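> Provided below for reference: sequence and predicted model.
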2 protein chains.
Amino acid sequence: MAAIVHRAPLAAQAAEILLGRIRAGEFVLGQRLPGETTLAAQLGVGRSTIREAVRELAGKGVLDSRQGAGVFVTALDVADDWDTVLRRASITTVIEARIAIEAEAAALAAERRSPAQLRALRAALAARATADPAPEPHVDVDMALHRLIVVASGNEVLVELFDGFVPRVRTAMVDMLKIRPTASHEADHAAHAAVVDAIADRDARRAAELSRAHLNTLKFAFA
Amino acid sequence: MAAIVHRAPLAAQAAEILLGRIRAGEFVLGQRLPGETTLAAQLGVGRSTIREAVRELAGKGVLDSRQGAGVFVTALDVADDWDTVLRRASITTVIEARIAIEAEAAALAAERRSPAQLRALRAALAARATADPAPEPHVDVDMALHRLIVVASGNEVLVELFDGFVPRVRTAMVDMLKIRPTASHEADHAAHAAVVDAIADRDARRAAELSRAHLNTLKFAFA
DNA sequence: GGTACCTTACTCCTCAGACAAGTTGATAAG
DNA sequence: CTTATCAACTTGTCTGAGGAGTAAGGTACC
């Protein structure tokens, strides 16, 4: 990740040093940092450079500066970037988390889906059946259908979680389909149709079970 | 959310304006922004103010400035802060998402828990029973037990998701306990003990069901 | 015509100094 | 003890100057 030659501006270096000191526990949460002039002297840079470093960390949510009062620590580290976590995790781990979210979403969707949402699900199901079988378009219509189910759950937190998973899962699925094309499109389509039918029937338990079963086959395809 | 009196520094205002223009599509991804002097003249502020605004957006990952070349757009919006999403969502919505994660985690924990993890669960269960009944300590030992279950699932993505929920759920539970103290501590403890027992017995289905049932009572307590 | 080099104009980067604006704690008056 | 005032310190902003890097255009050479 690190470049061989890296000519980082002084302000970025100063921000890195400050963040390191905060991570190391030199400053506790809510504590006031030394003044700009003090920090500038410590690091041997100008005050405006320190100011830019503080601004950068303020943008990351680690620091907060208040005129007249000082600069305060508001977080002990940068909020973990969601994409980073998912990239580090194995695809089967991600799919397990996806099972948790989608199975519950399918159950909630069965209880709450509106007629309009059901129509949208049926339309997406039809689009999925007739779509371009090439990896990218196929994965996209598939994800669109899965997303509609989560949206029909009426739980915006689940939708946000699902959306966070999409990029990671999408690339993994595209890569897999390029290596090993799906054996049976018919069985795949039947599994999706069964989930939609369970949601149409307002059968929460069956919707969850079918969704879980379908994603488990996906998980084992990667294992 | 907006303060009645808002005395934002010029640099923060400038950052907000620039972000607004990027959101509005005035600049496409990868495009170079006007120079510092130009922007300073446009907004009627000094160069250093513009520089600090750019630094702030660079910290958020929206901009990237390269010496000699210019400032470039690297994202069209700030990555959605997880805390913000959860604060906006109702507590019942958050608990529904928590059910999804913890029920699945309990099932996985039943299949995978190590002897050491089981011992830790039993210890946390005992600590929960004998802990200070005041709201804050009680919620903390409760959350600690729940977290251990998720950790025992062996899925780091689920752990990250759970940790993301903790702050929001913790404050909500503390507030509720201050208003309406738990009716029966015994039933509450029995519910937790049952989940741990199911995990000890390696009964995935029962662990998930008990976990779901317990959190559902919590959900309805808020409704 | 094509290539390598160089010049030049532009960009961001950093510093120093000055003053404005806000906060905080000590101090003095009531 | 309470309240008002003030002084020291903090961050906020602007300006001017020079350093360093980039990219584009021109030029000499092959």
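Sure thing, it's come through.
> got the buried residues for whichever strand or helix holds residue A:123?
Assigned by DSSP states H and E, residue A:123 falls within helix A:115-130. Along helix A:115-130, these residues count as buried under the neighbour rule (16 or more other CB atoms under 10 Å in any protein chain shown): A:117, A:118, A:120, A:121, A:124, A:125, A:128. The C-beta positions use only the backbone N, C-alpha and C, and glycine is treated the same way.
> again with stretch A:172-184
Residues of stretch A:172-184 classed as buried: A:172, A:173, A:176, A:177 (neighbour count, 16+ other CB under 10 Å).
> nearest to residue B:38, of these?
residue A:172 (43.4 Å; CB to CB).
> The closest one and residue A:188, how far apart?
Distance of residue A:172 to residue A:188, given as CB to CB, to the nearest Å: 17 Å.
> where does chain A dip in pLDDT?
Filtered on pLDDT under 70, chain A yields the residue ranges A:1-7, A:182-184.
> The helix holding residue A:123 packs against which elements?
On a contact count with 3 or more CB pairs under 8 Å, 6 or more residues apart in numbering or on different chains; DSSP states H and E, helix A:115-130 meets helix A:135-152, helix A:185-200.
> Identify all contacting residues around the longest one.
It refers to helix A:135-152. A:101-102, A:105-106, A:109, A:112-114, A:117-118, A:120-121, A:124-125, A:127-128, A:131-132, A:158-159, A:162-163, A:166, A:169-170, A:173-174, A:177-178, A:192, A:195-196, A:199, A:211 (CB atoms under 8 Å, 6 or more residues apart in numbering or on different chains).
> Pull the distance from stretch A:72-92 to the chain's centre.
The chain centroid and the centroid of stretch A:72-92 are separated by 10 Å under CA atoms, centre = their mean, to the nearest Å.
> Residue A:108 contacts residue A:157, correct?
No: applying CB atoms under 8 Å as the test, residue A:108 and residue A:157 come out as separate, 11.3 Å apart.
> thinking again about what came up before, same list (the buried residues of helix A:115-130) but as CSV, adding distance to residue B:65.
Output for the buried residues of helix A:115-130, formatted as CSV (distance: CB to CB, whole Å):
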residue, distance to residue B:65
A:117, 45
A:118, 50
A:120, 43
A:121, 46
A:124, 42
A:125, 47
A:128, 44
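> residues contacting residue A:54?
A:15, A:18, A:36, A:63, A:65, A:71.
> Spatially central residue in chain A, please.
The geometric centre of chain A, computed from its C-alpha atoms, lies nearest to residue A:164 (CA atoms, centre = their mean), at 2.4 Å.
> Setting the sequence-adjacent residues aside, check what's closest to that residue.
Take residue A:164 and drop its neighbours on the chain: the residue closest to it by CB to CB, 6 or more residues apart in numbering or on different chains is residue A:82, 5.1 Å away.
> these two touch, right, that neighbour and residue B:82?
Yes: Residue A:82 is in contact with residue B:82 according to CB under 8 Å; the separation is 6.9 Å.
> can you give me the strands in chain A?
Secondary structure of chain A (DSSP state E): strands at A:63-66, A:70-73.
> Redo those as TSV? Include mean neighbour count.
Shown next, in TSV, are the strands of chain A (neighbours: other CB atoms under 10 Å in any protein chain shown):
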stretch	mean neighbour count
strand A:63-66	17
strand A:70-73	18
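> Show me which residues of chain A are close to DNA strand D?
Contacts of chain A with DNA strand D, taken as CB under 7 Å from any atom of the strand, map to A:7, A:33, A:35-38, A:47-48, A:51, A:54, A:65-71.
> run the last query once more with 10 Å
A:5, A:7, A:9, A:32-40, A:46-48, A:50-51, A:54-55, A:58, A:63-72 (CB under 10 Å from any atom of the strand).
> Whichever of those end up buried, select them in PyMOL.
Remark: buried members of the residues of chain A next to DNA strand D, expressed as a PyMOL selection using 16+ other CB under 10 Å:
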select buried, chain A and resi 33+36+39+40+50+51+54+55+58+63+64+65+71
